[in-house]
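[1] Got a sequence here, can you model it:
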Amino acid sequence: MADVVGVGTDLPIGESNLANLRSLTGRMLGHVEEQLHLVGMCIERDDPDLSQQVITSDFQVDQLEERILLSTVSTLALRQPLGRNLREVVGILRSATDLERIGDLSKNTAKRLLTIGPMMDQLPRPAMVQLHHYVADQLQIVGDLMAVEDPETIQGVLRADDRIDELHNSVFGELMAVMKNDQALIAVGIQALFMTKNLERIGDHVTNIAENLYYIHAGDTLSTDRPKSDMTSFMLDEKEHTS
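    Take a look at the predicted model:
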């Protein structure tokens, strides 16, 4: 994974400081991308060993977040960056928090996959695979954006959050139908509902990172509220909805 790069023109804060932060962020991103990739493999096929690998590797993400936190605090206190340099340091810190949450959500998803096990064959696996693939693709795009300045692609990632919500709505509806048709699948279906919600939340954190990149490059936050298309809080079965 390419390191994060910057092209600021403000007073220097020490290139080694920014280079270290960019390198740590690139390493953290690489670990998180690998976690999410392994989660996808476990959704496609029951693989307890891979699920366990996701769980046990999460400590590396936590360690890198801690190192980024310490490095940003040191840079802010000792170098007192200004302008774009300051935005980059703050943006890296914010993004590290989102990457840590993505790692946690991947770990939690792996735990639920261990619980679901072979019962995944009774669930709408293709829809869940599609949701995962789309979320993972957006994370990869954001990772590439950390190495280049591309406002148009950043805006594309922000718009993609709607599509993630739509895919999540669809999976949610399919899972509800499965549980309604076979009460024996309610317990495993609930696990799958939480699992797919984790994927939707990962999409939210990917969008947060895109917003951080916009802030670094543009020097401003987005002026409009982020649109949300997640309708799962309002989805009832047809009988309840019409009563």
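[2] Any regions of this structure where pLDDT drops low?
    1-15, 223-243 (pLDDT under 70).
[3] which residue ranges form the helices in it?
    All helices of the chain, identified by DSSP state H, fall at 15-44, 48-56, 58-79, 83-116, 125-145, 151-181, 186-218, 238-242.
[4] I'd like those laid out as TSV, including mean neighbour count.
    C-betas here are computed from N, CA, C, even on glycine. Below are the helices of the chain laid out as TSV (neighbours: other C-beta atoms under 10 Å):
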stretch	mean neighbour count
helix 15-44	20
helix 48-56	16
helix 58-79	16
helix 83-116	22
helix 125-145	19
helix 151-181	17
helix 186-218	21
helix 238-242	8
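[5] mind listing what residue 115 touches?
    188, 191 (C-beta atoms under 8 Å, 6 or more residues apart in numbering).
[6] try 6 Å this time
    Contacts for residue 115 (C-beta atoms under 6 Å, 6 or more residues apart in numbering) come out as residue 191.
[7] repeat for residue 141
    Applying C-beta under 6 Å, 6+ apart, we find residue 141 in contact with residue 157.
[8] Please report how far it lies from residue 26.
    Using C-beta to C-beta, to the nearest Å, residue 141 is found at 15 Å from residue 26.
[9] What of residue 73?
    For residue 73 relative to residue 26 (C-beta to C-beta), the value is 20 Å.
[10] repeat for residue 139
    Applying C-beta to C-beta, the value for residue 139 to residue 26 is 14 Å.
[11] Likewise for residue 109?
    23 Å.
[12] repeat for residue 163
    Taking C-beta to C-beta, one finds residue 163 at 27 Å from residue 26.
[13] What residues does the residue positioned nearest the centre of the chain make contact with?
    Against the mean C-alpha coordinate of the chain, by C-alpha atoms, centre = their mean, the closest residue is residue 202 at 3.1 Å. Residue 202 makes contact with 102, 105, 135, according to C-beta under 6 Å, 6+ apart.
[14] these two touch, right, the last one and residue 201?
    No - applying C-beta atoms under 6 Å, one finds residue 135 not in contact with residue 201, separated by 9.6 Å.
[15] Ramachandran coordinates for residue 148?
    Dihedral angles of residue 148 (phi, psi; degrees, to the nearest 10) stand at phi -140, psi 160.
[16] again with residue 82
    Backbone geometry at residue 82, expressed as degrees, to the nearest 10, gives phi -130, psi 160.
[17] what's the distance between the closest residue in space to residue 149 that isn't next to it in sequence and residue 145?
    With sequence-adjacent residues excluded and distances taken as C-beta to C-beta, 6 or more residues apart in numbering, residue 149 is closest to residue 217, at 5.3 Å. Look at residue 217 and residue 145: by C-beta to C-beta, they are 10 Å apart.
[18] Residue 133 too?
    19 Å.
[19] Repeat that for residue 85.
    Counting by C-beta to C-beta, the gap from residue 85 to residue 145 is 19 Å.
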